[in-house]
Every structure is written in C-alpha cells, then in structure tokens.
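Trainee: coordinates for the following, if possible.
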Amino acid sequence: MLMSPIIGHRGARGLAAENTLASIRLAAASGVQWIELDVTLTYDQVPILFHDADLNKLSNARGLLAKKRWQDLQRVRVYSPRGSRQPSQPMTHLAEAVALMAELGLGLNMEIKPSLKGQGPETLMKAMECLKTLPGLPLVISSFDQRTLQAAQQLWPTIPRLMLWQRLPSDWADSATRLAVHGVGLDQRHLRPAQVAVLRAQGREVYVYTVNSIKKARQLMAWGVQGVFTDHPNQLIQAGLLGSSVRLPFA
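Mentor: Presented below is the predicted three-dimensional model:
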C-alpha cells in the first residue's frame with residue numbers, strides 16, 4: 001500500500017485550523033500515520049500550506065493568495081473549524097510542516113495545489129526543495145493537474161504519484177498509464193463499486209475523499225479501496241479502521 005487506510009485530510013481539518021501545525025499535531029495525536037496537505041506558492045515563490053486560491057473563506061484576510069508575499073501572510077490567521085475549541089492558527093511554511101512531520105513520524109500525501117493556472121510544476125519544484133533536507137520522509141505526490149504529475153514522473157520517478165479526479169473519466173486508463181501513476185484519488189460522491197473493481201484490476205490503488213462517516217468508510221473498504229481521506233481521523237481510528245500500512249521511502 002502507498003499509504004495507510006486512514007489519512008488525515010489537511011491534517012485533522014475537523015479538529016483544528018486546516019493545513020497548520022496544530023492540525024498536524026492533532027492528527028498525529030489521534031494515531032493517524034499519514035496526512036494530506038495542500039501546497040501552494042505565494043507571490044514571492046514561497047511554498048506554504050493553503051487550499052483555496054483566495055484568502056476570504058479560510059482566514060481573516062482578503063484577496064488572492066498569489067498576490068501576497070510570505071512576509072505579509074505571516075500575520076494572517078487561519079480559522080478553526082466550527083465547533084472547535086482550538087484557536088485560529090498562523091499560516092504554515094512547508095518547511096515547518098515537514099520538519100514537524102519527520103519529528104512525529106508521519107507520512108505525507110503532498111497535494112500540489114497551484115494558486116495560479118499553469119503553476120503546478122513550479123509549485124512542485126519549490127516544494128521538493130524543502131524536502132531535500134528530509135530524505136527519509138515517506139511521501140506521495142498527488143494533484144488534479146496532469147502537468148504537475150508529468151513533471152514529478154520525469155524528475156522524481158521513484159516517488160509514488162496519485163492522480164486526483166472528482167469523477168473517474170472515460171479515458172482514465174490512458175492518463176494513468178501515460179503518467180505512470182501508482183493510484184488514483186476520487187470523490188466518494190461519484191464513486192461506484194464497479195469502478196473500484198476495474199481500477200484494482202488494472203493495478204491502481206484507490207483512495208477516496210472526503211469520508212467523515214464510519215459507515216461510509218467501512219462500505220468503501222468493503223468495495224476494495226485502499227484508504228480514505230477524512231477530516232476526523234480520530235473517529236475512524238477509534239472505530240478500528242486504521243489497519244496497517246507500508247511506508248515508501250523518499251528518494
């Protein structure tokens with residue numbers, strides 16, 4: 001397996017401000033072995049953790065992230081989820097996040113989330129520069145952007161890659177073969193058991209987002225998916241869904 005059956009979504013998004021050090025710590029405290037984080041670039045080409053192209057929804061700032069410098073973004077606070085007792089958190093540099101993950105013994109599903117169209121490969125390059133100092137960090141590169149995965153295939157062919165789609169396209173096999181991806185990530189709302197069977201028969205691992213129901217997680221695993229991304233890893237782990245994982249080394 002590329003990752004563990006339970007993967008913390010943006011750390012532990014349901015417990016603390018997503019894509020922050022606090023979210024990573026709470027995910028680790030829940031017993032999760034792998035987490036997913038979104039990596040994007042600031043105006044001055046600094047790789048940071050953030051999901052949206054603009055700051056409006058997730059933080060106390062406004063405007064497009066791609067137009068903000070890292071120095072200015074360090075004053076921004078990321079909101080905690082509704083119902084959480086955790087305070088808002090500062091935005092996180094990727095280097096800070098991976099250093100903490102190495103300390104906690106976590107594996108990283110690094111989703112490249114370009115803040116500007118066409119910036120995926122550049123975002124990947126900057127992100128990988130941060131990872132050079134941690135060659136033992138278990139890593140999977142994921143993205144919706146095929147150009148990003150193509151760059152990863154060419155420059156770091158030994159690092160596993162995950163192709164993301166909302167719906168499985170009719171030409172998925174051609175894309176997966178051309179990019180030599182090890183697995184796919186799909187939206188639970190559009191996935192069918194027959195699709196899982198076809199993907200598995202073609203030798204692709206299947207991971208599903210975003211699963212916050214224990215019942216749904218059990219159903220998906222019965223279909224044959226390898227793992228689920230969840231905002232509440234603590235709940236799924238407490239339900240006994242963690243299982244075992246095989247960690248692949250960074251190379």
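
Trainee: and the strands in this structure?
Mentor: Assigned by DSSP state E, the strands in the chain fall at 6-9, 34-41, 47-49, 77-78, 89-90, 92-93, 107-112, 139-143, 161-165, 183-187, 205-209, 227-230.

Trainee: closest to L131 out of those?
Mentor: strand 139-143 (6.9 Å; C-beta to C-beta). Every residue, glycine included, has its C-beta placed from N, CA and C.

Trainee: in terms of secondary structure, what does the closest one contact?
Mentor: strand 107-112, helix 120-131, helix 146-155, strand 161-165 (3 or more C-beta pairs under 8 Å, 6 or more residues apart in numbering; DSSP states H and E).

Trainee: and among the ones you listed, the most buried is which?
Mentor: The highest mean neighbour count among the helices and strands packed on strand 139-143, using mean count of other C-beta atoms under 10 Å, belongs to strand 107-112: a mean of 26.

Trainee: which regions of the protein sit below the pLDDT cut-off?
Mentor: Scanning the chain with the threshold set as pLDDT under 70 gives 243-251.

Trainee: what separation do you get for the residue positioned nearest the centre of it and T177?
Mentor: The centre of the chain sits closest to E36, judged by C-alpha atoms, centre = their mean, with a distance of 2.8 Å. Counting by C-beta to C-beta, to the nearest Å, the gap from E36 to T177 is 24 Å.

Trainee: ditto for S143
Mentor: Where T177 is concerned, S143 sits at a distance of 17 Å (C-beta to C-beta).

Trainee: before we move on, back to that, beta-bridge partners for the residue lying closest to the residue nearest to the centre of the chain once chain neighbours are set aside, please?
Mentor: Spatially, and ignoring its direct neighbours in sequence, E36 is nearest to N109 (4.1 Å; C-beta to C-beta, 6 or more residues apart in numbering). N109 forms beta bridges with E36, V140, as assigned by DSSP bridges.

Trainee: what's the spacing between N109 and D145?
Mentor: Taking C-beta to C-beta, one finds N109 at 15 Å from D145.

Trainee: output stretch 23-35 as PDB, restricted to C-alpha atoms.
Mentor: C-alpha atoms of stretch 23-35 as PDB (Å, rounded to 0.1, in the frame of the first residue of the first chain):
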ATOM      1  CA  SER A  23      -3.800  20.400  12.700                       C
ATOM      2  CA  ILE A  24      -0.800  18.200  12.000                       C
ATOM      3  CA  ARG A  25      -0.200  17.700  15.800                       C
ATOM      4  CA  LEU A  26      -3.800  16.700  16.400                       C
ATOM      5  CA  ALA A  27      -3.800  14.300  13.500                       C
ATOM      6  CA  ALA A  28      -0.700  12.600  15.000                       C
ATOM      7  CA  ALA A  29      -2.300  12.600  18.500                       C
ATOM      8  CA  SER A  30      -5.300  10.700  17.000                       C
ATOM      9  CA  GLY A  31      -3.000   7.900  15.900                       C
ATOM     10  CA  VAL A  32      -3.000   8.600  12.200                       C
ATOM     11  CA  GLN A  33       0.100   7.500  10.200                       C
ATOM     12  CA  TRP A  34      -0.400   9.600   7.000                       C
ATOM     13  CA  ILE A  35      -1.800  13.100   6.400                       C
END
